[in-house]
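1. would you be able to build a 3D model of this:
(chains A and B, ligands or ions: 2)
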2 protein chains.
Amino acid sequence: RRRREVLFFPSQVTCTEALLQAPGGAGPPGAPAGCPCSLPHGESSLSRLLCALLAARTSLELCLFAFSSPQLGRAVQLLHQRGVRVRVVTDCDYMALNGSQIGLLRKAGIQVRHDQDLGYMHHKFAIVDRKVLITGSLNWTTQAIQNNRENVLILEDEEYVRLFLEEFERIWEEFNPT
Amino acid sequence: RRRREVLFFPSQVTCTEALLQAPGGAGPPGAPAGCPCSLPHGESSLSRLLCALLAARTSLELCLFAFSSPQLGRAVQLLHQRGVRVRVVTDCDYMALNGSQIGLLRKAGIQVRHDQDLGYMHHKFAIVDRKVLITGSLNWTTQAIQNNRENVLILEDEEYVRLFLEEFERIWEEFNPT
Ligand SMILES: [Zn+2]
Ligand SMILES: [Zn+2]
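-> Numbers count the residues shown, from 1 in each chain, chains lettered A, B, ... in the order given. Ligands and ions are numbered 1, 2, ... in the order given. This is a model prediction of the structure:
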């Protein structure tokens, strides 16, 4: 059965160490053996979003207006370390703000491109392995994850993936600095 | 076949008078007889969004962070005049800004509720006749429609509609002022 999920936010604040420290892949959420922290260790909208991303094995396209969540940043870096081809498109206005993950991603060697025109690059979508589309209202910030009313759809759907990949490639070329 | 559409923005600026003046319903876009304006009269992402909304016959739920587009405001007022039950949930921070349509909708007798807490009500979705979900990154502002990179999904899908209606009703009750 094809993956179809809707996540609503704000997300309960849960410990996501088990997901982010797993060496191999995205196991089901749960406490790493002996995690001493006092947060709940169950599922949350954030942990489900992390799981959907950490399922990537070959490619990850990110098209994000704002990206400052440390957990999501760690997940993207993990994927890059595992050899997943990660490409990021973002908005230059937000990129300059405090706490943006974009500088860290670049330092880690991940390809990032940003716009430089008047309109905002306001998308908030990800494409996993050219197979699953993750899209919604959620900017990838802790403020939004923990405080806002937001939605994220996770769709395993060829047609939507194709249309959003085409949009990604259009923007990727348009933001080509060379 | 069930409706499935993806709209990308920025939208070409087109004349939407034919849609907004049609007495009966949402005809296909095209110039009203003798429209003298100099804009193109073909389809655009905005005209397709208007069409999807103007198809409403019984109910329209709107859950919108920002709503200042005059054309979308006229469409919602038209539906209200035609007897469609319109309910609007919005964010109080944006509501106070210049050009918000919310005051006009209230004056027209449309039910509007807004939040009053710290997090944003950041959704941008609409539900037409409890049958079609319209959701994405797009705030309903002319700035976003004409300048930003944005996406809107139009999904005729029972499961998604049910989940988003439940979210709407949760927020509707939470924002009940009484
Ligand atoms: Zn823990
Ligand atoms: Zn015209």
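
2. which residue packs closest to A:M95, ignoring adjacent ones?
-> A:I102 (4.9 Å; C-beta to C-beta, 6 or more residues apart in numbering or on different chains). (C-beta placed from N, C-alpha, C; glycine too.)

3. mind listing what the one you found touches?
-> A:67, A:88, A:90, A:95, A:112, A:114 (C-beta atoms under 8 Å, 6 or more residues apart in numbering or on different chains).

4. from these, which land in helices?
-> Counted as lying in helices by DSSP state H, out of those, are A:M95.

5. adding pLDDT, neighbour count and distance to B:L46, write the contacts of A:I102 out as CSV.
-> Below are the contacts of A:I102 laid out as CSV (pLDDT from 0 to 100; neighbours: other C-beta atoms under 10 Å in any protein chain shown; distance: C-beta to C-beta, whole Å):
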residue, pLDDT, neighbour count, distance to B:L46
A:F67, 94, 25, 28
A:V88, 97, 22, 29
A:T90, 93, 25, 25
A:M95, 70, 21, 28
A:V112, 95, 18, 30
A:H114, 91, 18, 26
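
6. ok, the contacts of A:I102 vs ligand 1, which is closest?
-> Nearest to ligand 1 among the contacts of A:I102 is A:F67, at 23.6 Å by C-beta to the ion.

7. show me what the closest one is bridged to.
-> According to DSSP bridges, the residues that bridge with A:F67 are A:W140.

8. if we can go back for a sec, what's the closest of the contacts of A:I102 to B:E174?
-> A:F67 (28.7 Å; C-beta to C-beta).

9. hmm, whichever strand or helix holds A:R170 in reach of chain B?
-> For A:R170, the host element (DSSP states H and E) is helix A:158-174. Yes: Helix A:158-174 is in contact with chain B by C-beta under 8 Å from any C-beta of the partner chain, via A:159-160, A:163-164, A:167, A:171.

10. can you tell me which of the residues you listed are buried?
-> Neighbour-count burial (16 or more other C-beta atoms under 10 Å in any protein chain shown) applied to the residues of helix A:158-174 next to chain B gives A:160, A:163-164, A:167, A:171.

11. list the contacts for the residue in chain A that ligand 2 sits nearest to?
-> Closest residue of chain A to ligand 2, C-beta to the ion: A:G119 (24.0 Å). By C-beta under 8 Å, 6+ apart, the residues touching A:G119 are B:10, B:146-149.

12. pull the most distant pair out of the residues you listed.
-> Checking the contacts of A:G119 with C-beta to C-beta, the most distant pair is B:Q146 and B:R149, at 11.6 Å.

13. identify the contacts common to those two.
-> A:119, B:10.

14. what sits up against the helix or strand containing A:S47?
-> Per DSSP H and E, A:S47 falls inside helix A:45-54. By C-beta under 8 Å, 6+ apart, the surrounding residues in contact with helix A:45-54 are A:3, A:5, A:7-12, A:14, A:16, A:19-20, A:22, A:25-26, A:28-29, A:60, A:71-72, A:75-76, A:78-79, A:126, A:128, A:132, A:134, A:145, A:152, A:154.

15. after it, heading C-terminal, what element do we hit next?
-> strand A:59-64.

16. which strands and helices sit next to that following strand?
-> Where contact means 3 or more C-beta pairs under 8 Å, 6 or more residues apart in numbering or on different chains; DSSP states H and E, strand A:59-64 is packed against helix A:70-81, strand A:85-90, strand A:124-128, helix A:158-174.

17. and the first one with helix A:45-54, angle?
-> Read that as helix A:70-81. 10 degrees (axes from the mean of the first three to the mean of the last three C-alpha atoms, to 10 degrees).

18. and helix A:70-81, what's buried?
-> A:71-80.

19. got the angle for it vs strand A:85-90?
-> 140 degrees.

20. rounded mean pLDDT for helix A:70-81, please.
-> Per-residue pLDDT values over helix A:70-81 give a mean of 97.

21. from the contact counts, what lies against that helix?
-> By 3+ C-beta pairs under 8 Å, 6+ apart, helix A:70-81 packs against helix A:17-21, helix A:45-54, strand A:59-64, strand A:85-90, helix A:102-107.

22. can you redo the ones you listed as JSON lines with distance to ligand 1?
-> Listed next are the helices and strands packed on helix A:70-81 as JSON lines, based on distance: least, C-beta to the ion, whole Å:
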{"stretch": "helix A:17-21", "distance to ligand 1": "5"}
{"stretch": "helix A:45-54", "distance to ligand 1": "11"}
{"stretch": "strand A:59-64", "distance to ligand 1": "25"}
{"stretch": "strand A:85-90", "distance to ligand 1": "26"}
{"stretch": "helix A:102-107", "distance to ligand 1": "22"}
